[in-house]
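J.: sharing a model prediction with you, sequence too.
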Amino acid sequence: MSSSTTGLLAGLLLALIAGTAGGGWFLLALLFAAIGYGIGAHLEGRIDLGSLLPGRSRG
């Protein structure tokens, strides 16, 4: 299983835990899943999240 898929599943698991507090948490589940997938894809090198953050430049 790839890191992005693991991140996606971790995000969905966090959303499931957060969703037990009440109803209408579908958008929160999508947000957590997207964050988890993004972190997993960054760890795999598919996307570069460093370019989105301000800070030191490379080069």
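T.: Received, thanks.
J.: what's the burial count for the residue lying closest to residue 47 once chain neighbours are set aside?
T.: Among residues not flanking residue 47 along the chain, residue 41 sits closest, at 4.9 Å (CB to CB, 6 or more residues apart in numbering). Where you see a C-beta, it was placed from the backbone N, CA and C, and this is true even at glycine. By other CB atoms under 10 Å, the residues close to residue 41 number 19.
J.: quick one: residue 41 from residue 17, how far?
T.: Counting by CB to CB, to the nearest Å, the gap from residue 41 to residue 17 is 22 Å.
J.: follow-up on the earlier one: what packs against the helix or strand where the residue nearest to residue 47 lies?
T.: For residue 41, the enclosing helix or strand under DSSP states H and E is helix 26-44. The helices and strands touching helix 26-44, judged by 3 or more CB pairs under 8 Å, 6 or more residues apart in numbering; DSSP states H and E, are helix 3-19.
J.: what is the burial count for residue 11?
T.: Neighbours of residue 11 (other CB under 10 Å): 22.
J.: now do the same contact list for it.
T.: With contacts defined as CB atoms under 8 Å, 6 or more residues apart in numbering, residue 11 is in contact with 32-37.
J.: go again using 10 Å as the cut-off
T.: 29-40 (CB atoms under 10 Å, 6 or more residues apart in numbering).
J.: name the nearest residue to it, sequence neighbours excluded.
T.: residue 36 (2.6 Å).
J.: check what pLDDT that neighbour gets.
T.: On pLDDT, residue 36 comes in at 82.
J.: give me the angle between the helix holding residue 41 and helix 3-19.
T.: 150 degrees (axes from the mean of the first three to the mean of the last three CA atoms, to 10 degrees).
J.: for helix 26-44, list the C-alpha coordinates in CSV.
T.: Coordinates of each C-alpha in helix 26-44 appear next as CSV, following Å, rounded to 0.1, in the frame of the first residue of the first chain:
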residue,chain,number,x,y,z
PHE,A,26,-19.3,14.4,5.8
LEU,A,27,-17.3,17.5,4.8
LEU,A,28,-15.0,17.1,7.7
ALA,A,29,-14.3,13.5,6.6
LEU,A,30,-13.5,14.8,3.1
LEU,A,31,-11.2,17.4,4.5
PHE,A,32,-9.3,14.9,6.7
ALA,A,33,-9.0,12.5,3.8
ALA,A,34,-7.6,15.2,1.5
ILE,A,35,-5.1,16.2,4.1
GLY,A,36,-4.1,12.6,4.7
TYR,A,37,-3.7,12.0,1.0
GLY,A,38,-1.7,15.2,0.5
ILE,A,39,0.7,14.3,3.3
GLY,A,40,1.1,10.8,1.9
ALA,A,41,1.7,12.1,-1.6
HIS,A,42,4.3,14.5,-0.2
LEU,A,43,6.1,11.7,1.5
GLU,A,44,6.2,9.7,-1.7
